[in-house]
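kindly return the folded structure for what I paste below:
(2 chains)
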Amino acid sequence: MAHHRIPLVLLACGSFNPITNQHMRLFELAKDHMHRTGKYQVVGGIVSPVSDSYGKQGLVPSKHRIAMAKLALQSSNWVRVDEWESQQQDWTETVVTLRHHYGRILEEYKQNTGAHTNSSGNTAPLTSPSLSLKLLCGADFLNTFQIPGLWLDEHVDEVAGQFGLVCISRGGLQPERTVHESDILSRHQQNIYLVKEWVKNETSATEMRRALRRGLSVKYLIPDCVIDYIHQHSLYTEDSERKNTGAVLRPLTKQVYQPPVDSVDD
Amino acid sequence: MFDCSVNPAVESGMEAHNKTPVVLLSCGSFNPITNMHLRMFELARDHLEGSGQYTVVKGIISPVGDSYKKKGLIEATHRLEMARLATESSDWITVNSWEIDQPQWLETVKVLRHHSEELRAVGKKGDEVDLDKYGKKRRVSRSRLSSSPQLQRVVPQVMMLCGADVLESFGIPNLWKPEDIVEIVGRYGVVCITRSGNNIHKFIYQTDVLWKLCRKIHVVHEWVTNDISATHVRRALRRGQSVKYLVPDPVLSYVQEHNLYSSESENKNADVVLAPLQINSGASLS
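Now for the predicted structure:
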């Protein structure tokens, strides 16, 4: 049976402020689920921390968030950190980050397969199943598609249509409903993989910061090496949580939102 | 509210310098130990120390013996070793094999008595609390525990650490002896970790014996739910799914190395009655 699976890379965008075991758990769940479809072979995972210009409250400098993610992923043999997004001057639309990584991994893939079949040409046509890059997210992320001004419609269309989504459902959120209630998302339903997480896990970076600034234990929720790093650099305090207070998220100013005409008044 | 365990420090007016030292004892299958088991210790310590009344000097994990006869219970040697591996990164949680070394299943109250007596014996000798046994070196300050012989030495108090499900199992007929419940709660005390949605206070209120002793029950709310059951971990393992980040990495390696959880191992003790049910329902002798 020469059934070829499509090589798949999973990309997770977010603050990772700080990275938690739950973030890494999402990758493991997604990998198991995508393998079970019989269509995909998960070949890699990328953690892409957002840049400092995102303007989110309590966001510590990206050099720390990158360092922590690297420490946390030392024990993983398939997920790694990529600094490209965090190094951009301005906040980068997720779709732009996806395009960047797709171009990069496609190049790598061509070189690898090209070298295998044809040592001279790097323009050898791809005969095997094409390479896929999908956005990995939690259900709360899926809900951000509904926040006015946070996403441009054409970007949602491209993210869901051209790339695809793997969404892990958490707690009481209903990703099925979110997809149903969005015309764009339902149009690309076949490209949206919803993964049920049976083990309820409410670990969030917000909760971790709260515990840390109160001096409570976060052991076993965050890898030990990350906890050591946080203490060494005194990262999460009441002060650091006040950072960007009152600031408007960069996506809301960068992508000027034009509300539908009929909803301007009342 | 039903909760009478809130803020005991204020009620008793205890000063910071005479905090009661506490040893937390957790009994269970640990089949296998998960991050949630370890997390419970951290939550309990934060809660007790946050009250200002206690200082937690040690945690003890006491895996149940094979004679417990629970479905899918793998050999104690493996469960013990995994617990040891899991606690290597902790400077206060230890693993104790006394319970599994016993020839037959023991009621939890007997395990509490054993550890309590052991601590009392150590206290009499005037030594520091023995954490060395399993490679933990943390001296509990002599000044607090044993420097003033004219005063009664403060021997750490052993408390049972458990989840709300265990406390609720007090209501299951024949699983616990009524007098054991009184002793566990009244003499030792219980630290019970509960999920935010779970109404353990109502259960305590509705159970006469627990209501009477409710000052000895410390209810700890786990705001960040982390529902990693060992049952789920075994299920994922025998289905070949990832359990990384649910159990510590050294435990995961050990499981893989010894091929521990399979459909076969899950069927162990499938039709056997749990030891406590055999013992406590006396009429079942055939």
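
from here on, just use CA atoms for contacts and neighbour counts.
OK.

what does the stretch 101-250 of chain A put close to chain B?
With the criterion set to Cα under 8 Å from any Cα of the partner chain, the stretch 101-250 of chain A comes near chain B through A:199-203, A:207, A:216-217, A:219-221.

would you show me how to pick out the buried ones of those in PyMOL?
What follows is the PyMOL syntax for the buried subset of these, where burial is set by 16 or more other Cα atoms under 10 Å in any protein chain shown:
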select buried, chain A and resi 199+200+201+203+216+217+219+220+221
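
as a markdown table, the residues of the stretch 101-250 of chain A next to chain B with pLDDT and secondary structure would be great.
Formatted as a markdown table, these follow (pLDDT from 0 to 100; DSSP: H, G, I helix; E, B strand; the rest coil):
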| residue | pLDDT | secondary structure |
| --- | --- | --- |
| A:199 | 76 | coil |
| A:200 | 74 | coil |
| A:201 | 75 | strand |
| A:202 | 76 | coil |
| A:203 | 81 | coil |
| A:207 | 91 | helix |
| A:216 | 94 | coil |
| A:217 | 95 | coil |
| A:219 | 96 | strand |
| A:220 | 95 | coil |
| A:221 | 94 | coil |
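
pLDDT of the helix or strand where residue B:37 lies, averaged?
For residue B:37, the host element (DSSP states H and E) is helix B:35-50. For helix B:35-50, mean pLDDT is 96.

return the residues of chain B in contact with chain A.
B:35-36, B:38-39, B:42-43, B:46, B:224-229, B:232, B:241-245.

what sits against the residue of chain B found nearest chain A?
Per Cα to the nearest Cα, residue B:226 is where chain B lies closest to chain A, at 4.5 Å. Neighbouring residues of residue B:226 by Cα atoms under 8 Å, 6 or more residues apart in numbering or on different chains: A:199-203, B:36.

and with 7 Å instead?
Residues in contact with residue B:226 (Cα atoms under 7 Å, 6 or more residues apart in numbering or on different chains) are A:200-202, B:36.

how many neighbours does residue A:63 have?
Using other Cα atoms under 10 Å in any protein chain shown, residue A:63 is surrounded by 15 other residues.

what residues sit buried inside the strand or helix carrying it?
Using DSSP H and E, residue A:63 sits within helix A:62-72. For helix A:62-72, the neighbour count (16+ other Cα under 10 Å) marks A:62, A:64-66, A:68-72 as buried.

what about residue B:48, how many neighbours?
22.

next one: phi and psi at residue A:16?
Per-residue torsions, residue A:16: phi 50, psi 60 (degrees, to the nearest 10).

that one reaches residue A:65, doesn't it?
Yes - with contacts counted by Cα atoms under 7 Å, residue A:16 reaches residue A:65, the gap being 6.3 Å.

that older thread, export the next helix-or-strand element following the helix holding residue B:37 as PDB, just CAs?
Moving toward the C-terminus from helix B:35-50, the next helix or strand (DSSP H and E) is strand B:54-63. Extracted in PDB, the C-alpha atoms of strand B:54-63 (Å, rounded to 0.1, in the frame of the first residue of the first chain):
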ATOM      1  CA  TYR B  54       1.500  25.700  59.600                       C
ATOM      2  CA  THR B  55       4.900  25.000  58.100                       C
ATOM      3  CA  VAL B  56       5.000  22.000  55.800                       C
ATOM      4  CA  VAL B  57       8.200  20.100  56.400                       C
ATOM      5  CA  LYS B  58       7.800  17.100  54.300                       C
ATOM      6  CA  GLY B  59       5.500  15.200  51.900                       C
ATOM      7  CA  ILE B  60       5.300  11.500  51.800                       C
ATOM      8  CA  ILE B  61       3.900   9.400  48.900                       C
ATOM      9  CA  SER B  62       2.900   6.000  50.000                       C
ATOM     10  CA  PRO B  63       1.900   3.700  47.100                       C
END
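
what packs against the longest helix along chain B?
Secondary structure of chain B per DSSP state H: the longest helix is helix B:108-125. The helices and strands touching helix B:108-125, judged by 3 or more Cα pairs under 7 Å, 6 or more residues apart in numbering or on different chains; DSSP states H and E, number zero.

residues of that helix that come out buried?
Here helix B:108-125 shows B:108-109, B:111-113, B:115-116, B:119-120, B:123 as buried, counting by 16+ other Cα under 10 Å.

would you list the phi and psi of residue A:138?
Backbone torsions for residue A:138, taken as degrees, to the nearest 10, come to phi -90, psi 170.

ok, it touching residue A:174?
No - applying Cα under 7 Å as the test, residue A:138 and residue A:174 come out as separate, 11.0 Å apart.

just checking, what packs against the helix holding residue A:63?
For helix A:62-72, the packing partners by 3+ Cα pairs under 7 Å, 6+ apart come out as helix A:224-232.

now do the helix it packs on, average pLDDT.
97.

okay, that helix in PDB with CA atoms only?
What follows is helix A:224-232 as a C-alpha-only set of coordinates in PDB (Å, rounded to 0.1, in the frame of the first residue of the first chain):
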ATOM      1  CA  ASP A 224      11.600  23.400  36.200                       C
ATOM      2  CA  CYS A 225      14.200  25.000  33.900                       C
ATOM      3  CA  VAL A 226      11.700  27.800  33.000                       C
ATOM      4  CA  ILE A 227      10.800  28.300  36.700                       C
ATOM      5  CA  ASP A 228      14.500  28.700  37.500                       C
ATOM      6  CA  TYR A 229      14.900  31.200  34.700                       C
ATOM      7  CA  ILE A 230      11.900  33.200  35.900                       C
ATOM      8  CA  HIS A 231      13.300  33.400  39.400                       C
ATOM      9  CA  GLN A 232      16.800  34.300  38.200                       C
END
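
next, the angle from that helix to helix A:62-72.
Put simply, helix A:224-232 runs at 150 degrees to helix A:62-72, going by axes from the mean of the first three to the mean of the last three Cα atoms, to 10 degrees.

after helix A:224-232, heading C-terminal, what element do we hit next?
Per DSSP H and E, the first helix or strand lying C-terminal to helix A:224-232 is helix A:238-241.

tell me which element residue 85 is part of?
No chain specified, so I'll use chain A. Secondary structure assignment for residue A:85, by DSSP H and E: helix A:84-87.

chain B was what I was after
With DSSP H and E as the criterion, residue B:85 is inside helix B:76-86.

so which elements touch the following helix or strand past that helix?
Where DSSP H and E defines the elements, the next helix or strand beyond helix B:76-86 is strand B:93-95. When contacts are defined as 3+ Cα pairs under 7 Å, 6+ apart, strand B:93-95 sits against strand B:54-63.

could you give the angle of the helix or strand residue B:191 falls within to helix B:35-50?
Assessed by DSSP H and E, residue B:191 sits inside strand B:190-195. Relative orientation of strand B:190-195 and helix B:35-50, computed by the same axes, to 10 degrees: 120 degrees.

CA atoms only: put strand B:190-195 into PDB for me.
Output in PDB follows, covering the C-alpha atoms of strand B:190-195 (Å, rounded to 0.1, in the frame of the first residue of the first chain):
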ATOM      1  CA  VAL B 190      -7.200  16.100  56.100                       C
ATOM      2  CA  VAL B 191      -6.100  18.400  53.400                       C
ATOM      3  CA  CYS B 192      -8.500  18.000  50.500                       C
ATOM      4  CA  ILE B 193      -7.900  19.500  47.100                       C
ATOM      5  CA  THR B 194     -11.100  20.300  45.300                       C
ATOM      6  CA  ARG B 195     -11.900  21.700  41.800                       C
END
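
for it, which strands pair with it and how are they oriented?
The strands beside strand B:190-195 in its sheet (DSSP bridges) come out as strand B:157-163 (parallel), strand B:217-222 (parallel).

got the buried residues for the longest one?
By 16+ other Cα under 10 Å, the buried positions in strand B:157-163 come out as B:157-163.

for residue 23, give me its contacts.
Picked chain A for this. Residues in contact with residue A:23 (Cα under 7 Å, 6+ apart): none are found.

oops, wrong one, chain B.
Counting by Cα under 7 Å, 6+ apart, residue B:23 has contacts B:56-59, B:156-159.
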